[in-house]
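> Based on what follows, work out the 3D shape:
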Amino acid sequence: MSIKSDNRHLYLQVIDHLKKDIQKGVYKEKEKLPSEFDLSKQLGVSRATLREALRILEEENVIIRRHGVGTFVNAKPLFTSGIEQLNSVTDMIAQAGMKPGTIFLETSTTGPTEEDINRFTCSPEDELVVFERVRTANGEPVVYCIDKVPSEILPESFAYERESIFQILEEGSSRKIAYAVAQIEPIGYHEKISPILECDPETALLVLKQMHFDEMDVPILFSVNYFKADKFSFHVLRKRF
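Have a look, this model is predicted:
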């Protein structure tokens, strides 16, 4: 069916048309789209126009193109959060109506690195407790977490099986996290973490690094979380001043 029905650029019409087809279920999540030749013929546009539309759709994560294989509809993120909202991973999963779970990989006590000394303004003699965990949603691994907390902040006895370190700190040591400074970046396939999260080779990861501070502006938690990019979406509200 030709889409030549209005005065906009053809590639914009192609984008809208394909998005509507995906929304209506004509093309389902993870389904392969027709070849460029067939799709351009169906839509009545040139392959150059189609390629421009597909390029933009890929940038918007609506589709994914696999070299030598084809073009596929991307899965919609299960979890979405404003990056300005400081939610624990547990809360994000629960808010999506799924059951949060934890697989503990390792917990250790170690001396701080030079970066840790700068982050926590601690001394080389201080100790940090490092948690390595996999967070699950309805049993599916979705986030790989590395958390560092000064040992002196943690309560003498705490339950490792607790889902949220936020709760451990608040209830066990009365240290409430007030805000965090965050940095987020996408990465490709990670040799160690991607297999643990059961990622396809094409599935990217979103790395969220956060330094958390309490109500007295004291740094108390540094976390590095690797999110499956096909499961999580982050956005930010920007205001003009």
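> Low-confidence ranges, this protein, go.
For the chain, residues meeting the criterion pLDDT under 70 lie at 1-7, 77-85, 157-163, 235-239.
> What about Glu60, how many residues nearby?
11 (other Cβ atoms under 10 Å). No exception for glycine: its C-beta is placed from N, CA and C like everyone else's.
> Just the helices from this protein, written as ranges.
10-24, 36-43, 47-59, 89-95, 114-120, 165-173, 193-196 (DSSP state H).
> Give me the buried positions along the first one.
The one in question is helix 10-24. Within helix 10-24, the residues that count as buried by 16 or more other Cβ atoms under 10 Å are Leu10, Tyr11, Gln13, Val14, Ile15, His17, Leu18, Ile22.
> swap in stretch 89-96?
Across stretch 89-96, burial judged by 16+ other Cβ under 10 Å covers Val89, Thr90, Asp91, Met92, Ile93, Ala94, Ala96.
> from memory the fifth one sits against Thr102, does it?
Meaning Ile93. No - when contacts are counted by Cβ atoms under 8 Å, Ile93 is not listed as touching Thr102 (10.4 Å).
> Return every residue with contacts to both of the two.
Any residue near both Ile93 and Thr102 by Cβ atoms under 8 Å, 6 or more residues apart in numbering counts here, and that gives Arg135.
> where's the nearest residue to Leu221 once chain neighbours are set aside relative to Gly111, distance?
Of all residues not flanking Leu221 in the chain, His212 sits nearest, at 4.0 Å (Cβ to Cβ, 6 or more residues apart in numbering). From His212 over to Gly111 the distance is 21 Å, taken as Cβ to Cβ, to the nearest Å.
> Give me the more crowded residue out of those two.
His212 (23 against 13).
> Quick check: bridge partners of that one?
For His212, the beta-bridge partners under DSSP bridges are Ala180, Leu221.
> List the contacts of it.
His212 sits next to Ile177, Tyr179, Ala180, Pro219, Ile220, Leu221, Phe222, Ser223 when contact means Cβ under 8 Å, 6+ apart.
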